[in-house]
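Asker: Quick one, structure for this:
(chains A and B)
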Protein chains: 2
Amino acid sequence: MSRSNLDIVKVADAFPYPADSPTDQLQKLGSYFHFRIATHPGVTLGYVPPSIALTFAGLPDWALNPDCSPRTLTLVGGHDEPTRTAMLEKTTSGMRATGHFKNLEKWRDELFPVYGPEEELLFSIERSATPLFGVVTYGVHMTAYRMSPGKDGQDSMEIWVPRRSSNRAKFPGMLDTSVGGGLATGETPWTCLIRESEEEASLREEVVKRAEDAGALTYFYLSGEGSGGEAGLAQPECSYVFDLDLSGSPPDTLVPNDGSVEAFALMTVAEIKRALSNGEFKPNCALVMLDFLIRHGQIKAEHEPDYEEICSRLHRNLEFPVPRMFG
Amino acid sequence: MSRSNLDIVKVADAFPYPADSPTDQLQKLGSYFHFRIATHPGVTLGYVPPSIALTFAGLPDWALNPDCSPRTLTLVGGHDEPTRTAMLEKTTSGMRATGHFKNLEKWRDELFPVYGPEEELLFSIERSATPLFGVVTYGVHMTAYRMSPGKDGQDSMEIWVPRRSSNRAKFPGMLDTSVGGGLATGETPWTCLIRESEEEASLREEVVKRAEDAGALTYFYLSGEGSGGEAGLAQPECSYVFDLDLSGSPPDTLVPNDGSVEAFALMTVAEIKRALSNGEFKPNCALVMLDFLIRHGQIKAEHEPDYEEICSRLHRNLEFPVPRMFG
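Answerer: As a prediction, the model looks like this:
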């Protein structure tokens, strides 16, 4: 079924907006537990659905308060970053051992950072567990494209689009951004981009260094069918986006390397728009593609009925701490 | 005094965010009247400060309710667009005649559109009166730039920047975007851009047509010193932004035409950043410039500590109806 660009945005930015939501959605929102740590009272780091939060009842290191407003799930003790990271490791390993959590079946052995209101690193947490705690995760996405002379004398744009391998845990076989990846603790957007460009697309560092920063997208995913884990998980995300113009000669090409990508194809803007409308892109990658097309004049205010709302929702004001600087 | 890029954003996106605001700001927010029309109960079109709203007490066509939550100022009667437009005209002309409102001293005789939740035109209102009612206004901003070979072999960018005439009512003598203007009722972003480009910068339509759509910025200004009218007025704005690459040869130049601009200068990115930091740009034009620099990789995630917050605040989720289509 063909979907509008705003429909596409709503798939990835699916968490309800309090101001616009009907009562039943607001009630659901109110049932989420606010994930906090005892050293930072009043600061919410993520939202945890009741079905997850209630499994913490009686666990050492954790205090569950279902009767206050908002309801809270608090890590008690742990007065510095290494201690808290170790406590989270103990908890998430235990959760994994129970076998109850689909998300933890694809344990990644990668640590993701969680920041506090002073932009300080509070702790790190196993990547596959981040959706269970509803904390903000950070990623990079690069769009590699080239301009070539079209039949009408106007330059036409082609974009490098990979298809995800069919054996991936999340969104197998779907279309993706040219290069993308998650920021592990200690990585900056640039170091992550250079690493992922080599791993996923065989792009050399000297080519990737020609990429240009093009903004940060923020949106709030709510896991559902196809996300490869529990449904109803709150997943606020911040994606740093980069553009790489590969119009030069000889043309650089993107080639699969580490097995995460099945194949790359050069797609025209018309083909991309069709694939977006058909729901062929991974939800957050569809947002990156829409932002790219908007920034490059390929989606125009005059023809897109939901232009302002799309621009705004690609840059959602997240209610959690977001760091000032990485690395 | 030198200000950070986030400081610059906060000048133009100054209206408090409910989730992040201290109690005294929230109380102030709660004192604003919600501007509504009787045919659309529950739909707020703008925020009116109490000092303005209370002057409507006893006026025909208006109902003031300071005791409900939220407080409301409602246009009663007026069941179609022409009737409502005539009622607003009667009210704003009367307000002008009293001489009480500084904003109305610069009466523009231009009608601006106000839209409803179904994206329908509800009525039009005199431009200079829009801040008194706190309704969303729409504008276009184009950044004209050129790339030229730099000493180091890398292309360097220069941007056409006008200085506003010293006799303008608002922000005289400040720096502005290459071309900018407000959308009157019946105009589309493109027709407005083509008109303003001729009026302000002597740019011919065939040159302007090479400009590319580059997004929509939304932000919420709160009038203060220097805005040339009452302070404390709520001014939500939506700006459609366009980029015009004038690198071609022979170079097109921007030349003042209608007297709104004193002179144009080609400024380097370093000069622009210095002028931004010194507060030399009109507040909303500074936002357009920051967005342009971010989209063109001239402000980088790695070096800008508030990158995500800036990107998000340039695309604020406004709590008022915004149209789907113009024209």
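
Asker: Single out the residue in the stretch 51-200 of chain A that lies closest to chain B.
Answerer: Going by Cβ to the nearest Cβ, chain B is nearest to A:Pro189 of the stretch 51-200 of chain A, at 5.0 Å. All C-beta atoms are positioned from the backbone trio N, CA, C, and that covers glycine.

Asker: Surely that residue and A:Leu183 touch.
Answerer: Yes. Between A:Pro189 and A:Leu183 there is a contact under Cβ atoms under 8 Å: 6.8 Å.

Asker: sorry, back to before: which helix or strand contains the residue nearest to the residue of the stretch 51-200 of chain A closest to chain B when sequence neighbours are not counted?
Answerer: Distance criterion Cβ to Cβ, 6 or more residues apart in numbering or on different chains; nearest residue to A:Pro189, sequence neighbours excluded, is A:Tyr240 at 4.1 Å. Assigned by DSSP states H and E, A:Tyr240 belongs to strand A:234-245.

Asker: who's in contact with A:Phe101?
Answerer: By Cβ atoms under 8 Å, 6 or more residues apart in numbering or on different chains, the contact set of A:Phe101 is A:52, A:95, A:132, A:229-230.

Asker: Verify the stated contact: A:Ile272 with A:Phe292.
Answerer: No. In this structure A:Ile272 lies outside contact range of A:Phe292 using Cβ under 8 Å: 9.0 Å.

Asker: Give the intersection of the neighbour lists for the two.
Answerer: A:Ile159.

Asker: ok and the helix or strand where A:Phe35 lies relative to strand A:234-245, angle-wise?
Answerer: Using DSSP H and E, A:Phe35 falls within strand A:33-37. Taking axes from the mean of the first three to the mean of the last three Cα atoms, to 10 degrees, strand A:33-37 and strand A:234-245 form an angle of 80 degrees between their directions.

Asker: I'd like to know which elements strand A:33-37 is packed against.
Answerer: Counting by 3 or more Cβ pairs under 8 Å, 6 or more residues apart in numbering or on different chains; DSSP states H and E, the packing neighbours recorded for strand A:33-37 are strand A:46-48, strand A:72-75.

Asker: count of residues packed around the residue nearest to A:Arg108 when sequence neighbours are not counted?
Answerer: Distance criterion Cβ to Cβ, 6+ apart; nearest residue to A:Arg108, sequence neighbours excluded, is A:Arg127 at 4.2 Å. A:Arg127 is flanked by 18 other residues according to other Cβ atoms under 10 Å in any protein chain shown.

Asker: now the strands: where do they sit in the stretch 201-327 of chain A?
Answerer: Ranges of strands in the stretch 201-327 of chain A, per DSSP state E, counting those that start in this stretch, are A:212-222, A:234-245, A:261-268.

Asker: quick one: average pLDDT of the helix or strand A:Val140 falls within?
Answerer: Using DSSP H and E, A:Val140 falls within strand A:137-149. Averaging pLDDT along strand A:137-149 gives 95.

Asker: what does stretch A:172-185 give?
Answerer: Mean per-residue pLDDT for stretch A:172-185: 96.

Asker: Equivalent analysis for stretch A:23-38, please.
Answerer: The model assigns stretch A:23-38 a mean pLDDT of 88.

Asker: What lies in contact with it?
Answerer: Here stretch A:23-38 makes contact (Cβ under 8 Å, 6+ apart) with A:16, A:18, A:21, A:42-50, A:53, A:63-64, A:66, A:69-78, A:84, A:122-123, A:133-135, A:234.

Asker: one more time with 6 Å, if that's ok
Answerer: If you take Cβ atoms under 6 Å, 6 or more residues apart in numbering or on different chains as the criterion, stretch A:23-38 is touched by A:16, A:44-50, A:53, A:70-76, A:133.

Asker: What of stretch A:150-157?
Answerer: Counting by Cβ under 6 Å, 6+ apart, residues outside stretch A:150-157 touching it are A:145, A:147, A:269.

Asker: The same query, at a cut-off of 10 Å, please.
Answerer: For stretch A:150-157, the surrounding residues in contact (Cβ atoms under 10 Å, 6 or more residues apart in numbering or on different chains) are A:145-149, A:245, A:247, A:267-270, A:272, A:292-293, A:296-298.

Asker: now do stretch A:57-77
Answerer: A:29-42, A:44-48, A:50, A:52-56, A:78, A:83-84, A:87-88, A:90-91, A:94-95, A:122-123, A:133-134.

Asker: Just the ones of these in strands?
Answerer: If you go by DSSP state E, the contacts of stretch A:57-77 have A:33-37, A:46-48, A:122-123 in strands.

Asker: quick revisit: buried subset of the contacts of stretch A:150-157?
Answerer: Buried members of the contacts of stretch A:150-157, counted by 16 or more other Cβ atoms under 10 Å in any protein chain shown: A:145-146, A:267, A:269, A:272, A:292-293, A:296-298.

Asker: can I get the residues you listed in CSV with distance to A:Glu110?
Answerer: Shown next, in CSV, are the buried ones among the contacts of stretch A:150-157 (distance: Cβ to Cβ, whole Å):
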residue, distance to A:Glu110
A:Tyr145, 29
A:Arg146, 32
A:Met267, 30
A:Val269, 34
A:Ile272, 30
A:Phe292, 27
A:Leu293, 31
A:His296, 32
A:Gly297, 37
A:Gln298, 34
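
Asker: Quickly name whichever of the residues you listed is closest to B:Val161.
Answerer: Of all the buried ones among the contacts of stretch A:150-157, B:Val161 sits closest to A:Gly297, with 21.9 Å by Cβ to Cβ.

Asker: unless I'm mixing things up, the closest one is touching B:Lys209, no?
Answerer: No. A:Gly297 is not in contact with B:Lys209 according to Cβ atoms under 10 Å; the separation is 11.8 Å.

Asker: partners of the strand holding A:Phe35, with directions?
Answerer: Strands that pair with strand A:33-37, judged by DSSP bridges, come out as strand A:46-48 (antiparallel), strand A:72-75 (parallel).

Asker: So which of these is the most surrounded?
Answerer: Stretch with highest mean neighbour count among the strands paired with strand A:33-37: strand A:46-48 (a mean of 26; mean count of other Cβ atoms under 10 Å in any protein chain shown).

Asker: how distant is that strand from the center of its chain?
Answerer: Relative to the centre of its chain, strand A:46-48 is centred 15 Å away, using Cα atoms, centre = their mean, to the nearest Å.

Asker: try stretch A:273-280
Answerer: 19 Å.

Asker: buried residues in it?
Answerer: A:273, A:275-277, A:279-280.

Asker: For those residues, work out which two are farthest apart.
Answerer: Of all pairs drawn from these, the greatest distance, 12.5 Å, lies between A:Lys273 and A:Gly279 (Cβ to Cβ).

Asker: and the stretch 51-200 of chain A, which residues reach chain B?
Answerer: Proximity of the stretch 51-200 of chain A to chain B (Cβ under 10 Å from any Cβ of the partner chain) is limited to residues A:119, A:136, A:138, A:140, A:188-191, A:193.

Asker: and the closest residue to chain B within the stretch 1-150 of chain A, what does it touch?
Answerer: Here the stretch 1-150 of chain A gets closest to chain B at one residue, A:Ala19, 5.6 Å apart by Cβ to the nearest Cβ. Neighbour list for A:Ala19: B:18, B:317, B:319 [criterion: Cβ under 10 Å, 6+ apart].
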